[in-house]
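[1] Quick one: sequence and predicted model below, then my questions.
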Amino acid sequence: MTMRRSKAISSSVAGGAVVAALVIGLLIGGLVLGPVVAPAPAVPARTITQTITQIVATTVTQAVTIPGPTVTVTKELLPTPLYKVKIGSIAAYFEALVPVLVALSLGYFEEERLAVDVILFPGGAEVRKAVVAGEVDFGAQGSVHAGIAQNAGVDLKAVLTTFEFSTIDLLVRKELKDKVKTLSDLKGKIIGVTRFGSLTWAMAIKYVAMAGLDPKKDVTIVEVGSDLAAIAAALKTGKIDVFTGWTIVTYTMMKEDIAYPLLNILDPQQHEKYIGSTSTMEAVITAMGKTIKEKPDLVIRVVSAIKKALIYMNTHTPEEVADVILRNRKTAELAGLPRDDLVGMLKLMREGFSKDGSLSKSGWEFGAYNELVKALPAEFKPFSFEQAIEPTFAGIKS
């Protein structure tokens, strides 16, 4: 939804063309803030009517008495929000968070008549639980959580894609640079994951199996957690040889020269080689089925605002996107990174952001939830694209 932007001026002049031109000129220049005194001789008092046109044909009229002609001015004001919205996300999970921050900073939510509050949680599970409990209206999180919720009998669905690529790479400690160059070189190595049963664990198993290795016999998989300092320490000390990490971990380990990415999974060709698809719908916007059914207008507005942000991001440089986020105090605080690091992250991730927010059937098929289904079939049931995804608002990728 975009606001009609118009400025129409009409006048009926009583008392001379010079007076009319002066008053109209002042009005156009935005200089009339109160009573205007016309040059002598005085003319009979007239009324300026300021007509303020808002979305949905809502019109507010204010009358101000001044000496001079009658002038009608139609000018734009920010519309009154129709909805107050809470969006939950994860600190440093930029795959989902950045498009929301761009939409917030550029005023795209305001254009859709939304007053948005972004609330950060420690992890995706907490975001999922908050959406389900109604503590937030939408989640900006991994698509895996739509499947996890469906598996628990909860109707949580993805309504828009923010990031296409899987971000899970194998980060090898730098001392092994000449020894570990391919997946088959992982034999005998110790691989760290956040925890057993997590997506990092499932992806470690996937990658090891792709090399024809047995995840139970040919490698050792250990839990390290998700704290960056703990991951860095485990790699530096040789407690682990490899960590199965996501974007912020990849960026940090590379920047600090602790580890290197074995797969370069954020390169489009490498992604298709190891994942089998150009999309996994890694990060999405989620909403409860009840919200989708009962408040479709709200969902349309949220999707529209974030779509605009994605288009902006794909037509501007990482530096420009970073500056948009950092110029706004609120979004800068939510991003939590200095400019150099934010630009670095955006450069690393640039190819993976969705071009238009559309949803992909193959993305769901090759996505994170189905990796859990393959790794833990006794715990996770398969769900179809139609069960976990609502494409009505963002569309289906062709």
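    In hand now; what should we look at?
[2] Please report how far the residue positioned nearest the centre of the chain lies from Gly352.
    Of all residues in the chain, the one closest to the mean position by C-alpha atoms, centre = their mean is Pro99, 3.0 Å from it. From Pro99 over to Gly352 the distance is 12 Å, taken as C-beta to C-beta, to the nearest Å. Where C-beta positions appear, they are placed from N, C-alpha and C, glycine not excepted.
[3] Outside of the longest helix seen in the chain itself, list whatever touches it.
    Using DSSP state H to define each element, the chain has its longest helix at helix 296-314. Helix 296-314 is contacted by residues 1, 82-83, 85, 87, 98-100, 102-103, 106, 108-109, 111-114, 137-138, 159-160, 162, 285, 287, 291-292, 321, 324, 353-357, 392-394 when judged by C-beta atoms under 8 Å, 6 or more residues apart in numbering.
[4] repeat that with 6 Å
    83, 99, 102-103, 108-109, 112, 114, 159-160, 292, 321, 353-355, 357, 393-394 (C-beta atoms under 6 Å, 6 or more residues apart in numbering).
[5] Show me what Pro261 bridges to in the sheet.
    Beta-bridge partners recorded for Pro261 (DSSP bridges): Leu171.
[6] Alpha carbons of the helix or strand harbouring Val127, as PDB, please.
    Here Val127, judged by DSSP states H and E, is contained in helix 124-133. Extracted C-alpha coordinates of helix 124-133, given in PDB (Å, rounded to 0.1, in the frame of the first residue of the first chain):
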ATOM      1  CA  GLY A 124      15.000 -19.600  17.300                       C
ATOM      2  CA  ALA A 125      13.200 -21.900  19.700                       C
ATOM      3  CA  GLU A 126      12.400 -19.000  21.900                       C
ATOM      4  CA  VAL A 127      11.100 -17.000  19.000                       C
ATOM      5  CA  ARG A 128       8.900 -19.900  17.900                       C
ATOM      6  CA  LYS A 129       7.500 -20.300  21.400                       C
ATOM      7  CA  ALA A 130       6.800 -16.500  21.600                       C
ATOM      8  CA  VAL A 131       4.900 -16.600  18.300                       C
ATOM      9  CA  VAL A 132       2.900 -19.600  19.400                       C
ATOM     10  CA  ALA A 133       2.100 -18.100  22.800                       C
END
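[7] For that helix, name the packing helices and strands.
    In this structure, helix 124-133 makes packing contacts with strand 83-90, strand 138-142, helix 144-151, judged by 3 or more C-beta pairs under 6 Å, 6 or more residues apart in numbering; DSSP states H and E.
[8] could you redo the ones you listed as CSV and give each row distance to Ile248?
    Listed next are the helices and strands packed on helix 124-133 as CSV, based on distance: least, C-beta to C-beta, whole Å:
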stretch, distance to Ile248
strand 83-90, 10
strand 138-142, 13
helix 144-151, 17
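[9] Burial check on Thr237, number of neighbours?
    As a burial measure, Thr237 scores 9 neighbours (other C-beta atoms under 10 Å).
[10] Just want to check the distance between it and Val224.
    Plainly put, Thr237 is 12 Å away from Val224 if you go by C-beta to C-beta.
[11] my read: Gly363 touches Thr278, true?
    No - look at Gly363 against Thr278 with C-beta atoms under 6 Å: they stay out of range, at 8.4 Å.
[12] domains in the protein, as residue ranges please.
    Per automatic domain parsing, the domain ranges recorded for the chain read 9-74, 83-166+279-388, 169-264.
[13] So which of those is the most surrounded?
    Per-stretch averages of neighbours, counted by mean count of other C-beta atoms under 10 Å, single out domain 83-166+279-388 among the domains of the chain, with a mean of 20.
[14] Endpoints of it, how far apart?
    25 Å (C-alpha to C-alpha, to the nearest Å).
[15] pLDDT (mean, whole number) over it?
    Domain 83-166+279-388 carries an average pLDDT of 97.
[16] Off-centre distance for that domain?
    Put simply, domain 83-166+279-388 sits 5 Å off its chain's centre (C-alpha atoms, centre = their mean, to the nearest Å).
[17] do stretch 381-395 as well
    Relative to the centre of its chain, stretch 381-395 is centred 19 Å away, using C-alpha atoms, centre = their mean.
[18] Filter the contacts of helix 296-314 down to the ones in helices?
    Among the contacts of helix 296-314, the members found in helices (DSSP H) are 99, 102-103, 108-109, 292, 321.
[19] of the residues you listed, closest to Lys129?
    Within the ones in helices among the contacts of helix 296-314, proximity to Lys129 (C-beta to C-beta) peaks at Ile292, which comes in at 18.5 Å.
[20] Now do the same contact list for that closest one.
    Applying C-beta under 6 Å, 6+ apart to Ile292 gives the contacts 299, 390.
[21] how about 7 Å then?
    By C-beta atoms under 7 Å, 6 or more residues apart in numbering, the contact list for Ile292 reads 157, 159, 299, 390.
[22] cool, Gly352 as well?
    Gly352 touches 163-165, 266, counting by C-beta under 7 Å, 6+ apart.
[23] So Ser279 lies in a helix, does it not?
    No - read with DSSP: H, G, I helix; E, B strand; the rest coil, Ser279 is coil and lies in no helix.
[24] State the distance from it to Arg128.
    21 Å.
[25] now swap in Ile248 and tell me
    In this view, Ile248 and Arg128 are 20 Å apart by C-beta to C-beta.
[26] Tell me which residues touch Leu337, please.
    Contacts for Leu337 (C-beta under 7 Å, 6+ apart) come out as Met345.
[27] try Val132
    If you count contacts by C-beta under 7 Å, 6+ apart, Val132 has them with 149, 154, 156, 288.
[28] again with Ser277
    362-363, 366.
[29] Mind putting those residues into JSON lines with secondary structure and distance to Gly188?
    Formatted as JSON lines, these follow (DSSP: H, G, I helix; E, B strand; the rest coil; distance: C-beta to C-beta, whole Å):
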{"residue": "Ser362", "secondary structure": "helix", "distance to Gly188": "35"}
{"residue": "Gly363", "secondary structure": "helix", "distance to Gly188": "34"}
{"residue": "Phe366", "secondary structure": "coil", "distance to Gly188": "29"}
